[in-house]
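Visitor: got a predicted structure plus its sequence, pasted below:
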Amino acid sequence: MNKRLYPIVVVALFLAAFGGCIMTATVIVTAKLSPNDVGQPIHITNDDYTGSRIIVDLTEDEDFDEYKDKIKNIDNIGFYLEASNPTFTPVTFQLFLEPDISKDWTDPEMPVDSGSYLIFTGVQVPARTQSTATGKLIVTWEESIQYINELDVVKEYLEKGEFSIYPNVVPRDNFNITVDSLVLIVTLTGEK
Amino acid sequence: MLKPVIGCLVILCMLPAFVQAEQTGFGLVGGPLFPIGQEDQESGFVFGMKFRIDLAGPVGFEPNFNFGSFGDVTIAGAGTRSGSDLKYYGLDLTLGGGFGGVGPKPYAFIGGGVTNTKREGDRTTNKSGWSFGGGVAVGIMKNIDIDIRGRMNIASSAESTSRKSAALTFGAVYFFGQK
């Protein structure tokens, strides 16, 4: 082969190999769910569940807005969570996803009874002790991934961009929880 | 599952050429690894080993094995996630670079292989990948080259997407046999 053809062969092989697949990018989209826009953390008790609804609107994120019509894959979903429990009873923390944002559950049994999706469960908010005012739970982004349920459901509604999330606990008959911080972290790949 | 097996078979098929080649090199390399278009990874390091085998004229090929990891990603107010660990088994076709001899020898390459990706919280995957790049082999002795190489990696990912990265490696190659 003529040596002058070598660079052309290399470029041709390159184009044949990579054509089309190079134009995707992976971005991280976050949504701060608690505290809310006015700096108030979500606070729920078994007697007062009003105000538990968190409407997630990912379109407020610049990256999501840019890629929302070109999402090829939701790579990963996680949360950062801080919750505190001022009672002497430990509780299991849960998050429910409700696709219909017009609903507004006012009782902690309603997300369960209505068939909202349980998307996060398995971590315990410890009870307070005699020496601490509250029991404190912190779940990091990396730790949270193992507690995600119904991943396909979450992905489906993430691609739509808008849904509701309800914090909840087990047992539901006697609790008092403050969600000091809750951040949704979505890793997605889209066409550039 | 099938792709790594095919990759290994391809490399095995090339083994007779190791024996018949007039000159064969073995090199160790390492250097920084940079994610491209991947917000969920930070810069890390990659290390590798390779054989360099004379094929015909300025053309050679390099079976290679590389391993490394991306750096941890931190999001303000949301914590940190560790980067992916990577293993790459590949075969590169090189143009230029020479086999032994003193002096600078620029070269280009293109190759393919299998990338094994492991990360806490994600499913471990084995995906086919492609790479290309170029570098300079600087012969400091008749049988020893210092190798400086830039490599662009493209590994296929879920739903027809791809994961891209670039590596800048430095290393040395020792040549066996006579040219």
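Guide: Sure thing, it's come through.
Visitor: can you name the residues of chain B sitting close to chain A?
Guide: Residues of chain B lying close to chain A (Cβ under 8 Å from any Cβ of the partner chain) are B:37-40, B:58, B:73, B:75, B:77-82, B:95, B:108, B:110, B:112, B:120-122, B:130, B:132, B:154, B:156-164. Bear in mind the C-beta positions are built from the backbone N, C-alpha and C, glycine included.
Visitor: give me that answer again for 7 Å
Guide: With Cβ under 7 Å from any Cβ of the partner chain as the criterion, chain B comes near chain A at residues B:37-40, B:75, B:77-82, B:95, B:108, B:110, B:120-122, B:130, B:132, B:154, B:156-162, B:164.
Visitor: out of those residues, which are inside strands?
Guide: Counting by DSSP state E, those place B:75, B:79-81, B:95, B:108, B:110, B:130, B:132, B:154, B:156-157, B:161-162, B:164 in strands.
Visitor: so how do I select the buried members of the residues of chain B next to chain A in ChimeraX?
Guide: To isolate the buried members of the residues of chain B next to chain A in ChimeraX, using 16 or more other Cβ atoms under 10 Å in any protein chain shown:
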select /B:37,38,39,40,75,78,79,81,82,95,108,110,121,130,132,154,156,157,161,162,164
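Visitor: farthest pair in the ones in strands among the residues of chain B next to chain A?
Guide: B:Gly79 and B:Leu95 (45.7 Å; Cβ to Cβ).
Visitor: which intervals of chain B have sub-threshold pLDDT?
Guide: For chain B, applying pLDDT under 70 flags the ranges B:1-22, B:178-179.
Visitor: leaving out chain neighbours, which residue sits closest to the residue in it positioned nearest to chain A?
Guide: Chain A sits closest to B:Gly121 of chain B, with a gap of 3.3 Å, by Cβ to the nearest Cβ. Using Cβ to Cβ, 6 or more residues apart in numbering or on different chains and skipping the chain neighbours, the partner closest in space to B:Gly121 is A:Ile145 (3.3 Å).
Visitor: which stretches of chain A form strands?
Guide: For chain A, the strands defined by DSSP E cover A:24-34, A:42-45, A:54-57, A:71-85, A:91-98, A:117-125, A:135-139, A:162-170, A:176-191.
Visitor: chain B too?
Guide: Counting by DSSP E, chain B has strands at residues B:24-36, B:42-56, B:59-71, B:73-75, B:79-81, B:85-96, B:103-118, B:125-141, B:144-157, B:161-176.
Visitor: I'd say the residue nearest to B:Gly121 and A:Phe79 touch.
Guide: No. Under the criterion of Cβ atoms under 7 Å, A:Ile145 is not in contact with A:Phe79, lying 8.8 Å apart.
Visitor: so between those two, which is more surrounded?
Guide: A:Phe79 (24 against 20; other Cβ atoms under 10 Å in any protein chain shown).
Visitor: contacting residues around that one?
Guide: Neighbouring residues of A:Phe79 by Cβ atoms under 7 Å, 6 or more residues apart in numbering or on different chains: A:Phe120, A:Val139, A:Ser144, A:Leu182, A:Val183, A:Leu184, A:Ile185.
Visitor: so which of those are also by chain B?
Guide: Among those, the ones lying close to chain B by the criterion of Cβ under 7 Å from any Cβ are A:Val183, A:Ile185.
Visitor: redo the contacts of A:Phe79 as JSON lines? Include neighbour count, distance to A:Lys72 and pLDDT.
Guide: Formatted as JSON lines, the contacts of A:Phe79 follow (neighbours: other Cβ atoms under 10 Å in any protein chain shown; distance: Cβ to Cβ, whole Å; pLDDT from 0 to 100):
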{"residue": "A:Phe120", "neighbour count": "26", "distance to A:Lys72": "25", "pLDDT": "94"}
{"residue": "A:Val139", "neighbour count": "23", "distance to A:Lys72": "28", "pLDDT": "94"}
{"residue": "A:Ser144", "neighbour count": "25", "distance to A:Lys72": "23", "pLDDT": "93"}
{"residue": "A:Leu182", "neighbour count": "25", "distance to A:Lys72": "27", "pLDDT": "95"}
{"residue": "A:Val183", "neighbour count": "21", "distance to A:Lys72": "24", "pLDDT": "94"}
{"residue": "A:Leu184", "neighbour count": "23", "distance to A:Lys72": "20", "pLDDT": "93"}
{"residue": "A:Ile185", "neighbour count": "22", "distance to A:Lys72": "19", "pLDDT": "93"}
